[in-house]
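**Q** Here's a sequence, model it:
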Amino acid sequence: MTLKGFPAGTPLAAVQAVVQTWAAEAPPLQVAVARVTIFPEPFKIVIVQVRKTVVLFHALLRLRNLAERRTLPDWPTGTIPRVEEWIFHQSVAYCSLLSATDWSAVASFGENLSIPAAACSIHEVEIAAFDEGQEYSGGSYPLGQNG
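**A** Residues are numbered from 1 along each chain as shown. Predicted structure coming up:
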């Protein structure tokens, strides 16, 4: 589940320090799927939306505040939703290379897909890092080590 992203050029060590501090104080997170949906153009991403809870909201708020206090770079104002508007989600398919016709078919399929109820408890978070088009692990951190 995506909680926070940082623009290209953000030092991985700085992100790791923020996440390590945040994770130590964050409780295990309960996650329940809500539905399959999309982020429309220009993003063209199929997602599984996660139910917003008070605990998830506060975890996101604390992570963003900690990153801001540590002066990590952020996206330009208006490009990322405010905490109150954030859609908790797991990205399933990035479809930016699809034609308009193919994207329309994928979007329609995704938004009409019914999925069974599912939930889990997350006890560890991982940083997904991207360099030169390649994704790799930036480290994993257990939740709730300080409380």
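
**Q** okay, CA-based contacts and neighbour counts for the rest of this
**A** Noted.

**Q** Counting neighbours, show which residues of stretch 113-124 come out buried.
**A** Within stretch 113-124, the residues scored as buried using 16 or more other CA atoms under 10 Å are residue 123.

**Q** start to end distance for that stretch?
**A** 29 Å (CA to CA, to the nearest Å).

**Q** Show me how far the lengthiest helix in the chain is from its chain's centre.
**A** In the chain, assigned by DSSP state H, the helix with the most residues is helix 54-69. With CA atoms, centre = their mean, to the nearest Å as the basis, helix 54-69 stands 12 Å off its chain's centre.

**Q** tell me what the helix or strand that that helix is followed by is packed against?
**A** Where DSSP states H and E defines the elements, the next helix or strand beyond helix 54-69 is strand 89-94. Applying 3 or more CA pairs under 8 Å, 6 or more residues apart in numbering; DSSP states H and E, we find strand 89-94 packed against strand 45-50.

**Q** residues in contact with the strand it packs on?
**A** 31-39, 87-96, 107, 110 (CA atoms under 8 Å, 6 or more residues apart in numbering).

**Q** Quick one: distance of that strand to the chain centre.
**A** Its chain's average C-alpha position is 10 Å from that of strand 45-50, according to CA atoms, centre = their mean.

**Q** What distance do you get for the residue of the chain most remote from its centre to residue 132?
**A** In the chain, the greatest distance from the average C-alpha position (CA atoms, centre = their mean) is reached by residue 101, at 27.3 Å. Note on residue 101: its distance to residue 132, by CA to CA, is 29 Å.
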